[in-house]
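[1] sequence first, then the predicted structure:
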Amino acid sequence: MSEEQIKNSWTEHSRSLEKEFDARIARDEKIEPKDWMPEKYRQTHIRQMSQHAHSEIVGMLPEGNWITRAPSLRRKVALLAKVQDEAGHGLYLYSATETLGISRDEMYEQLHTGKAKYSSIFNYPTLTWADMGAIGWLVDGAAIINQVPLCNTSYGPYARAMIRVCKEESFHQRQGYEIMMKLANGTPEQKEMAQDALNRWWWPSLMMLGPTDDKSVHTAQSMKWKLKRKTNDELRQQFIDQTVPQADLIGLTIPDPDLKWNEERGSYDFGEIDWDEFWQVVKGHGPMNKARMKARVDAWERGEWVRNAAMAHAEKKANRKQKQAV
Amino acid sequence: MSTKNWPLWEIFVRSKNGLEHRHCGSLHASDAEMALENARDVYTRRNEGVSIWVVESKHITASNPENNGELFEPAQDKVYRHPTFYDLPDEVKHM
Ligand SMILES: [Fe+2]
Ligand SMILES: [Fe+2]
């Protein structure tokens, strides 16, 4: 066979493998780590899953900011448990991503050098205690809407991690809403604080569900691989429709003058989203991008001697055991 | 000093006595003891377990899905290993 012929028969071969692969996913079969998969599938999953993991980890920072200043012990244990859950989510997802052949260190490296992204919502500051309420209610609320469909995604380790994550998220949202409810029913100052938090977090939460469908590049491919089951715009509408009545219930106002119930659609119409702001934050110009990355990198670098010491201790122990055995 | 990365461990949790340990994920730790402690925090924050096994990932040997045909297909045509293969009259009870 000529080189040309070999090349052709090889592409032919991988094309038929790929066809069979797509058919398996269409039949709702799961893909497991050692199964054959197209390189693009592997890379897309490494990218999405690691960015998801990074978001869980960076997402601890805005809330960690308030743990020591929680207004009561009840609130403090709840917030502490929530932030600890987010660490857990990051770890489930990192280990699931490692099954695709990337190391934990490479992923950290990508985050710390800015090569990998994380959800841009975490680049906003947490200015008052009410922000803990708004984040749990809105940010975890939007995250749940994004994550529930992923429990059925095609890559087995990702789907299993998401099932765990989703089980834990509903407490996050409820504790946030409870904080908002309490403030909204409190003194005028407390209610104002809750309203202010809602005003600041509403639009970034809508952006969190991703660019509009006409600007979203990966939708078709992601649908095929079940990384996506609904489009960004559908998810956003779902989020708005379920959240508006929750705001009404506690007497807070969604900061959107164009928000209006549309009888015909059975959904809320809503105002224009400021996508310029979204892209600015994604590109690194949000209010907290630099601070978040610095906190991450500092924690990683300051922890280095601890990681080394633990490893040295483990090696010493193993050596001693070996000597005793001789 | 050169940095050595913490090895990867596979975590298995028994959710309650009477059930088997089940794989639930993996994590990094410097040794088995730390793997156990970390597994407790990562995988059993809500009473998910009464017992944990940790195994360093490099010690696991896995079958290759490419060999699934020769490994598992031979069992498919051995219907005589199942009770329904045997024709008995309806009058036979308790069998
Ligand atoms: Fe989370
Ligand atoms: Fe959460």
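    In hand now; what should we look at? Please read these numbers as outputs of a predicted model, since none were measured by experiment. Ligands and ions are numbered 1, 2, ... in the order given.

[2] the helix or strand B:Phe12 falls within packs against which elements?
    Here B:Phe12 sits within strand B:8-14, counting by DSSP states H and E. Judged by 3 or more Cβ pairs under 8 Å, 6 or more residues apart in numbering or on different chains; DSSP states H and E, the packing partners of strand B:8-14 are strand B:21-28, helix B:32-43, strand B:51-56. The way it works is simple: take the backbone N, C-alpha and C, and place the C-beta from them, glycine included.

[3] possible to save the ones you listed as CSV with distance to ligand 2?
    Output for those, formatted as CSV (distance: least, Cβ to the ion, whole Å):
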stretch, distance to ligand 2
strand B:21-28, 18
helix B:32-43, 15
strand B:51-56, 24
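
[4] partners of the strand holding B:Phe12, with directions?
    Sheet partners assigned to strand B:8-14 using DSSP bridges are listed as strand B:21-28 (antiparallel), strand B:51-56 (antiparallel).

[5] list of residues touching it?
    Strand B:8-14 is contacted from outside by A:95, A:98, A:104, B:20-29, B:32, B:35, B:39, B:42-44, B:48-58, B:60, using Cβ atoms under 8 Å, 6 or more residues apart in numbering or on different chains.

[6] report the backbone C-alpha coordinates of it in PDB.
    Extracted in PDB, the C-alpha atoms of strand B:8-14 (Å, rounded to 0.1, in the frame of the first residue of the first chain):
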ATOM      1  CA  LEU B   8      -3.900   9.000  43.200                       C
ATOM      2  CA  TRP B   9      -6.100   6.700  45.300                       C
ATOM      3  CA  GLU B  10      -9.400   4.900  44.400                       C
ATOM      4  CA  ILE B  11     -12.000   5.200  47.100                       C
ATOM      5  CA  PHE B  12     -14.600   2.500  48.000                       C
ATOM      6  CA  VAL B  13     -17.400   3.100  50.500                       C
ATOM      7  CA  ARG B  14     -19.700   0.600  52.200                       C
END
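
[7] most tightly packed of the helices and strands packed on strand B:8-14?
    strand B:21-28 (a mean of 20; mean count of other Cβ atoms under 10 Å in any protein chain shown).

[8] what angle sits between that strand and helix B:32-43?
    Computed by axes from the mean of the first three to the mean of the last three Cα atoms, to 10 degrees, the angle separating strand B:21-28 from helix B:32-43 equals 110 degrees.

[9] strand B:21-28 - what's its average pLDDT?
    Averaged over strand B:21-28, pLDDT sits at 96.

[10] who touches that strand?
    With contact meaning Cβ under 8 Å, 6+ apart, strand B:21-28 is reached by A:91-92, A:95-96, A:98, A:104, A:160-161, B:5-15, B:35, B:38-39, B:42-43, B:48, B:51-53, B:57.

[11] show me which of these are buried.
    A:91-92, A:95-96, A:98, A:104, A:160-161, B:6, B:8-15, B:35, B:38-39, B:42-43, B:48, B:52-53, B:57 (16 or more other Cβ atoms under 10 Å in any protein chain shown).

[12] and A:Met208, its phi and psi?
    phi -60, psi -30 (degrees, to the nearest 10).

[13] pretty sure it contacts A:Tyr118?
    No - with contact defined as Cβ atoms under 8 Å, A:Met208 does not count as touching A:Tyr118 (11.5 Å).

[14] more crowded one of those two?
    Shown here are A:Met208 and A:Tyr118; by other Cβ atoms under 10 Å in any protein chain shown, A:Met208 has more neighbours (25 against 22).

[15] distance of that one from ligand 1?
    13 Å (Cβ to the ion, to the nearest Å).

[16] A:Lys260 too?
    In terms of Cβ to the ion, A:Lys260 sits 32 Å off from ligand 1.

[17] chain A contacts on chain B?
    Within chain B, the residues that sit near chain A (Cβ under 8 Å from any Cβ of the partner chain) are B:1, B:3-6, B:8, B:25-28, B:30-31, B:34, B:41-42, B:45-46, B:62, B:64-66.

[18] mind listing what A:Met162 touches?
    A:Met162 touches A:147, A:150-151, A:153, counting by Cβ under 8 Å, 6+ apart.

[19] same deal with A:Ala87?
    Contact analysis of A:Ala87 by Cβ under 8 Å, 6+ apart lists A:56-57, A:60.

[20] point out where chain B drops to low pLDDT.
    The model of chain B has pLDDT under 70 over residues B:1-3.

[21] what about 80?
    Along chain B, the parts satisfying pLDDT under 80 run over B:1-4.

[22] what residue in it comes nearest to ligand 2?
    In chain B, the residue that lies nearest ligand 2 is B:Arg45 (13.1 Å; Cβ to the ion).

[23] run the chain-centre distance for the strand holding B:Phe12.
    Distance of strand B:8-14 from its chain centroid, counting by Cα atoms, centre = their mean, to the nearest Å, is 9 Å.

[24] then stretch A:151-164?
    Distance of stretch A:151-164 from the chain centroid (Cα atoms, centre = their mean) equals 14 Å.

[25] buried set for it?
    A:151, A:153-162, A:164.

[26] check A:Gln324 and give its pLDDT.
    For A:Gln324, pLDDT reads 89.

[27] that one is in what secondary structure piece?
    With DSSP H and E as criterion, A:Gln324 is part of helix A:304-325.

[28] so which bits of that helix are buried?
    By 16+ other Cβ under 10 Å, the buried positions in helix A:304-325 come out as A:307, A:311, A:314.

[29] hang on, the first one packs against A:His313?
    No - with contact defined as Cβ under 8 Å, A:Arg307 does not count as touching A:His313 (10.9 Å).
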